[in-house]
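[1] here is my input; please provide its structure:
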Amino acid sequence: MAYSVVGIVNMALQRIGAKSSITALTDGTPNAIKANTVWEYIRDEVLEAVKPKFATVRVALAQSATLPANAEVYDFAYPLPVDYLCLADDSKDDPNVWPDTSVKPYVIETLADGTVCVMTNYDSVTEDYDIFLTYVRKVVDPAKYYPSFINALAFRLAAELALTITESGSKYEAMTNLYIKALKKAKAASRAQDYIEDEKGSDSYETAGR
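    The predicted structure is shown next:
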């Protein structure tokens with residue numbers, strides 16, 4: 001069975017004891033309206049928190065023709081992808097920004113025109129290698145989600161909906177506490193898929209998310 005937005009929302013509604021489920025985010029019912037208002041915000045928040053492997057991608061960055069304002073600090077700017085959420089977890093042997101950032105340091109800042117960029121002194125035009133960025137992107141298709149991520153997302157959504165649907169502070173607190181536990185499991189499930197020596201965290205599934 002393919003996972004769906006409706007299924008995740010209904011899971012969250014069930015967890016807070018909502019009296020009715022939804023058939024679509026746009027079905028016009030009170031619960032759907034409330035869920036639709038927060039869905040994208042909560043989804044992206046949990047993607048950023050878990051950093052799941054299904055949302056982790058590595059791309060080459062193109063150099064911007066616009067230079068950083070203070071060229072004495074950083075000489076070049078590389079715009080981030082439009083679906084960028086945050087940097088992925090890195091390791092000493094596999095940094096988020098490559099080539100090796102211990103030799104070529106970088107910052108993420110915004111140009112005067114509002115473009116968010118990786119700024120560095122590395123010139124990919126004249127050097128032998130492109131700059132590669134490993135980041136977490138927005139994944140809107142729930143068919144790509146895995147079960148532990150869905151569980152965490154449903155608990156986080158349930159906490160949000162508890163405030164607007166049930167107006168219960170105790171349910172909000174209960175769902176938030178369960179989300180924190182589910183978040184650890186989702187992080188562990190994601191990191192357990194790697195096989196990188198000396199990666200940040202633990203090589204144990206049980207402790208990888210701690």
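
[2] this protein: strands as residue ranges?
    56-61, 76-79, 84-87, 97-98, 106-110, 116-120, 131-137 (DSSP state E).

[3] so which of these is nearest Leu157?
    strand 84-87 (17.3 Å; Cβ to Cβ). Where you see a C-beta, it was placed from the backbone N, CA and C, and this is true even at glycine.

[4] leaving out sequence neighbours, find the closest residue to Ala35.
    The shortest distance from Ala35 to any non-neighbouring residue, by Cβ to Cβ, 6 or more residues apart in numbering, is to Val9 (4.7 Å).

[5] surely that neighbour meets Leu157?
    Yes - the pair Val9 / Leu157 is scored as a contact, 6.8 Å apart, by Cβ atoms under 8 Å.

[6] need the residues touching each of the two.
    Ala35, Trp39 (Cβ atoms under 8 Å, 6 or more residues apart in numbering).

[7] for Pro81, give its distance to Val139.
    13 Å (Cβ to Cβ, to the nearest Å).

[8] same thing with Lys181?
    From Lys181 to Val139 the distance is 23 Å (Cβ to Cβ).

[9] ok, Ala186 next?
    According to Cβ to Cβ, Ala186 and Val139 sit 14 Å apart.

[10] who's more crowded, these two?
    Ala186 (27 against 20; other Cβ atoms under 10 Å).

[11] and the pLDDT at that one?
    On the pLDDT scale, Ala186 is placed at 97.
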